[in-house]
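> Below is the structure, and that's it, no one-letter string:
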C-alpha cells in the first residue's frame, strides 16, 4: 500500500520493497495509480503499466517530471535495509538509486503541490531497463503524445545532486569489409578481409573527437568499434570481416548529420546503419530551467550517455536529468543511496515548483 | 570384390564404388587386404583399417608408396560413371581424384611388380579427410614406425601429372590483445581492444613473405589472420580482441624456428601456439627421386600446402606427391578424372620401379 503525504524516505522504502523488475510492473503501477486517484487537483491517466497525472491550472508553462517504475533484476538485495542515522543514513537495496528515490520524490511533490507555480505532468513508466522497443515512455510517445506536451522535462534518474543536461545521440553502424577466400597455403590467390579491416581500424585509431559547446555545455563525441568478427576456418583466407562501430554525437547534430559524418569518415567502405537515436538539447535557455539550476547551485554537466530525455526532445521538449543517488551505484548488487540526497532533491524541487 | 591384375581404370571404378567415407573404411580395407594376401612376394600387415604390404628383397633402397582409402562424404556422386572414350574418357564420382585413382595404380603395381628394382612398401590408410588426430598414417607412425622405414616416399594424392615435392609446415597462433571495458559513451575511461588489434593487423599487412630455395625448389611462406573476434555489447568498449594467425613456413625451418620467428615478429603481444605441424623436405637429391623426375619429364613444383608427407619426413623419409587427377576437383560434387591420367601415372611408376 503506497500512501502519500508522509516521509519521502519511508515512501522510497515502500516503493523499493514492491518488486518491479521490467515486465513485472503491474503491482507497483496499480499502487501508484491508487495513491494518485484520490488527489482532486490531478487528472490521472493510464496506459499499460504507465501512469500519468497532471494539473490543469492554466499556467503559462508546463513542466514534466518523469521516472521509470521498473528495476533491473533483484540480486538478493531486497527488502531494503535502512542503516545509520542523520547525515549518514543510507538505504540499501535494488531500486534505491535507479530510481525509486526519484519516483518517491515525484510522488511526494504530486501530493503536496496542490497549487504549483507551473502546471506539472508526472509520468511514471515501465520497461526502461530493457530493449528500447519495449520502453514505456516510447509507447506513450506513440499512443498519447498529447499526454507529454510541456515546456521542460526533468528525468529523475540519479545524477548525484548535479543537473545533467540534454544527452548525446547514439548510432551504430555495421561496416562490412569484403575479401576473396583462398587456401591459407596460397593466400595470394585471395584477398584477406581481416587484413582489409585494418584500414577501418586505422581510421578509428586516428579519430579525434569533436567537442562542441551546446548551450554552454561542452559535449564530447566518440567513435568506437564495439565488435569485430571475421574468419571461416583455420586454413582459409577470410572472405569477410564485419565491424560494428558505435558513434556518440553531441545534441547539436541530428541523426541524419551523424550518418553523413560516418559515411564521409568511412568513405570507400560498405556501411549500414543498424540503430540510431537522436540526442536531446539541454534546454538551459528555458527560464524554468535557469531557476532550477540556481536552486541546485552547481554547474550543470553535459549528459554523455543516451537517456530517455531524447524521447521528450523528439516531441520538442528539452530537459535535464536530476535525481538522488550516485549513478555508478545503479545495477550493482550493493546499490544504496544516502537518504539525505533524497530529502535534498525533494527540497530543491519543492522550492522550484512552489 | 577387388581383383588385381586387370585394367587399372576398371579397378579405380570398383574401388570408388565401395563407399568409404572417413570412419567407414572397414569394407574397403578388408577388400584391399584380401586382394593382397594371396601375393606371395608381399608381406601383408594390418592395423585398424590401414593395410601395409611390402617386398623383402634385400634391395639397397626402399621406396614407400602411400595413399588413403577414405573419401569426403558422398554428394549423390556414386556409383561412378564412365563416359567418352580414348583420350577423352572420363571417370566421374566421389574418390575418382581424391584418391582412389592413385590407390588403384599402387594396387596394380603391388600385383605386377614381383621383382621391383627397389624394395617397395605399399601403405593404404584410413581417416585422412578428417581431424589430424584420427589420421591412419599418424596412427601407423605411433604404433608401427618400423612398417614405415624407407628412403623415399611417394604420396599418390592428385598432382595433375606433376611431381609436387616436400611440403610447407603450418603453425597457428592465438594473439590476445587486452583492453579495459568502459561505457561507449565515455570511452576515454577504457582502452579499446579492437582498436589495439589494429597494431597486429599493421604487422600482418606489412609482412613480406620469405621465399627460400630448398633443393632447387622455391617455396613461399605466408602469414595470415584467419579469424578475429572481439566485443561485448553494442555500448561497451571491448576489453579483449583475439586474432588467430596461420603461418606457413618453408621446409628449411622446423617448428621451433617458425615459433621463434612469430614471437619476434609479434613482439609485445601475447601469443600462444595452438597448433603446429612441421613441413617435409623434398628429398630430390635422392637418386631414386631423380629417376622419377626424369620419367615424369616436368619441372617439379614445391608443395605449399601441408600434406601427410610431413609424417614421413618426421621419420626421416623425404618424399613427393605424385598421382593422377587435378587436385582442384577434390571434394567437389563434380569430382572426375580423365582416365588417361590414371594410365599415365601407372606407366611412369611402372617404368620407374621395374
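That came in fine, so what should we check first? Everything numeric here is computed off the predicted structure, so don't read it as measured data.
> okay, CA-based contacts and neighbour counts for the rest of this
Will do.
> Identify the spatial nearest neighbour of the spatially most central residue of chain A, chain neighbours not counted.
In chain A, the C-alpha closest to the average C-alpha coordinate belongs to residue A:307, at a distance of 2.3 Å (C-alpha atoms, centre = their mean). Spatial nearest neighbour of residue A:307, excluding adjacent residues (C-alpha to C-alpha, 6 or more residues apart in numbering or on different chains): residue A:167 at 6.4 Å.
> Residue A:116 now?
Excluding the flanking residues, the one nearest residue A:116 by C-alpha to C-alpha, 6+ apart is residue A:354, at 4.9 Å.
> just to confirm, which helix or strand has the closest residue to chain B within the stretch 51-200 of chain A in it?
Nearest residue of the stretch 51-200 of chain A to chain B, counting by C-alpha to the nearest C-alpha: residue A:185, 5.0 Å away. For residue A:185, there is no helix or strand it lies in under DSSP states H and E.
> Now do the contacts for it.
Contacts for residue A:185 were tallied using C-alpha atoms under 8 Å, 6 or more residues apart in numbering or on different chains; they are A:235, B:221-222, B:248, B:304-306.
> change it to 7 Å
By C-alpha atoms under 7 Å, 6 or more residues apart in numbering or on different chains, residue A:185 lies in contact with B:222, B:248, B:304-305.
> need those in TSV with secondary structure, can you?
TSV is the format used below for the contacts of residue A:185 (DSSP: H, G, I helix; E, B strand; the rest coil):
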residue	secondary structure
B:222	strand
B:248	strand
B:304	coil
B:305	coil
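> Spatially, which two of the residues you listed are the most separated?
Among those, the pair separated by the greatest distance (C-alpha to C-alpha) is B:222 and B:305, at 10.7 Å.
> Which residue of these two possesses the greater neighbour count?
Under the criterion of other C-alpha atoms under 10 Å in any protein chain shown, the comparison of residue B:222 against residue B:305 puts residue B:222 first, with 24 against 18.
> Residue B:253 versus that one, what's the distance?
Separation of residue B:222 from residue B:253 (C-alpha to C-alpha, to the nearest Å): 13 Å.
> One more: residue A:108?
Noted for residue A:108: a distance of 78 Å to residue B:253, by C-alpha to C-alpha.
> Those two: which is more packed in?
More neighbours surround residue A:108 than the other of residue A:108 and residue B:253, with 20 against 17 (other C-alpha under 10 Å).
> The more buried one belongs to a helix, doesn't it?
Yes: applying three-state DSSP, one finds residue A:108 inside a helix.
> any idea of the pLDDT on it?
pLDDT recorded at residue A:108 is 98.
> care to break chain A down by domain?
Domain assignment of chain A by automatic domain parsing yields the ranges A:8-167+A:280-353, A:172-277.
> Would you format the ones you listed as JSON lines with distance to residue B:337 included?
Formatted as JSON lines, the domains of chain A follow (distance: least, C-alpha to C-alpha, whole Å):
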{"stretch": "domain A:8-167+A:280-353", "distance to residue B:337": "57"}
{"stretch": "domain A:172-277", "distance to residue B:337": "22"}
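> Quick one: closest of these to residue B:122.
Across the domains of chain A, closest to residue B:122 is domain A:172-277 (C-alpha to C-alpha), at 28.3 Å.
> wait, what's in contact with the residue lying closest to residue A:279 once chain neighbours are set aside?
In this structure, residue A:279 finds its nearest non-sequential neighbour in residue A:169, 3.6 Å apart by C-alpha to C-alpha, 6+ apart. Going by C-alpha under 7 Å, 6+ apart, residue A:169 touches A:248-251, A:277-279, A:306.
> Tell me the one of those residues nearest residue B:318?
Checking those against residue B:318 by C-alpha to C-alpha gives residue A:248 as the nearest, at 60.0 Å.
> Report the separation between that closest one and residue A:224.
According to C-alpha to C-alpha, residue A:248 and residue A:224 sit 9 Å apart.
> And for residue A:280?
Separation of residue A:280 from residue A:224 (C-alpha to C-alpha): 21 Å.
> and what of residue A:150?
Relative to residue A:224, residue A:150 is positioned 35 Å away (C-alpha to C-alpha).
> Show me which of these two is the more surrounded one.
Just comparing residue A:150 and residue A:224: by other C-alpha under 10 Å the higher neighbour count belongs to residue A:224, 27 against 19.
> Tell me what that one is bridged to.
When assigned by DSSP bridges, residue A:224 has beta-bridge partners residue A:246.
> got it, and residue A:67?
According to DSSP bridges, beta-bridge pairing links residue A:67 with residue A:124.
> Please identify which of the domains of chain A is closest to residue B:202.
Closest approach to residue B:202 among those (C-alpha to C-alpha): domain A:172-277, 6.8 Å.
> Neighbours of residue A:59, how many?
Residue A:59: 12 surrounding residues under other C-alpha under 10 Å.
> Please read the previous query as pertaining to residue A:334.
Residues near residue A:334, counting by other C-alpha under 10 Å, number 14.
> secondary structure class for it?
Under three-state DSSP, residue A:334 falls in the coil class.
> and the gap between it and chain B?
Applying C-alpha to the nearest C-alpha, to the nearest Å, the value for residue A:334 to chain B is 19 Å.
> picking up where we left off before, show me which of the contacts of residue A:169 are buried.
The neighbour-count test (16 or more other C-alpha atoms under 10 Å in any protein chain shown) applied to the contacts of residue A:169 identifies A:248-251, A:277-279, A:306 as buried.
> export the residues you listed to CSV and tack on secondary structure, distance to residue B:288 and pLDDT?
Formatted as CSV, the buried ones among the contacts of residue A:169 follow (DSSP: H, G, I helix; E, B strand; the rest coil; distance: C-alpha to C-alpha, whole Å; pLDDT from 0 to 100):
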residue, secondary structure, distance to residue B:288, pLDDT
A:248, strand, 69, 96
A:249, strand, 72, 97
A:250, coil, 75, 96
A:251, coil, 78, 93
A:277, strand, 73, 90
A:278, coil, 76, 92
A:279, coil, 77, 93
A:306, coil, 75, 88
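> Redo those as a markdown table? Include distance to residue A:197.
As requested, the buried ones among the contacts of residue A:169 are exported to a markdown table (distance: C-alpha to C-alpha, whole Å):
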| residue | distance to residue A:197 |
| --- | --- |
| A:248 | 21 |
| A:249 | 24 |
| A:250 | 27 |
| A:251 | 30 |
| A:277 | 26 |
| A:278 | 28 |
| A:279 | 29 |
| A:306 | 28 |
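> right, and residue A:194 touches residue A:241 too?
Yes: the criterion here is C-alpha atoms under 7 Å, and residue A:194 meets it with residue A:241 at 5.4 Å.
> Find residues that contact each of these two.
By the contact definition C-alpha under 7 Å, 6+ apart, residue A:194 and residue A:241 are jointly contacted by residue A:230.
> out of these two, which sits in the busier spot?
Neighbours per residue (other C-alpha under 10 Å) separate residue A:194 from residue A:241, with residue A:194 holding more: 31 against 24.
> Going along the chain, name the helices of the stretch 51-200 of chain A.
Using DSSP state H, counting those that start in this stretch, the helices of the stretch 51-200 of chain A run over residues A:100-112, A:136-143, A:193-206.
> Deepest-packed of the ones you listed, please.
Each of those was scored by mean neighbour count; the highest is helix A:100-112, a mean of 26, by mean count of other C-alpha atoms under 10 Å in any protein chain shown.
> which outside residues touch it?
For helix A:100-112, the external contacting residues (C-alpha under 7 Å, 6+ apart) are A:4-5, A:8, A:11-12, A:15-16, A:39, A:65, A:67, A:69, A:156-157, A:323-324, A:342, A:346, A:350.
> Fine, thanks again, bye for now.
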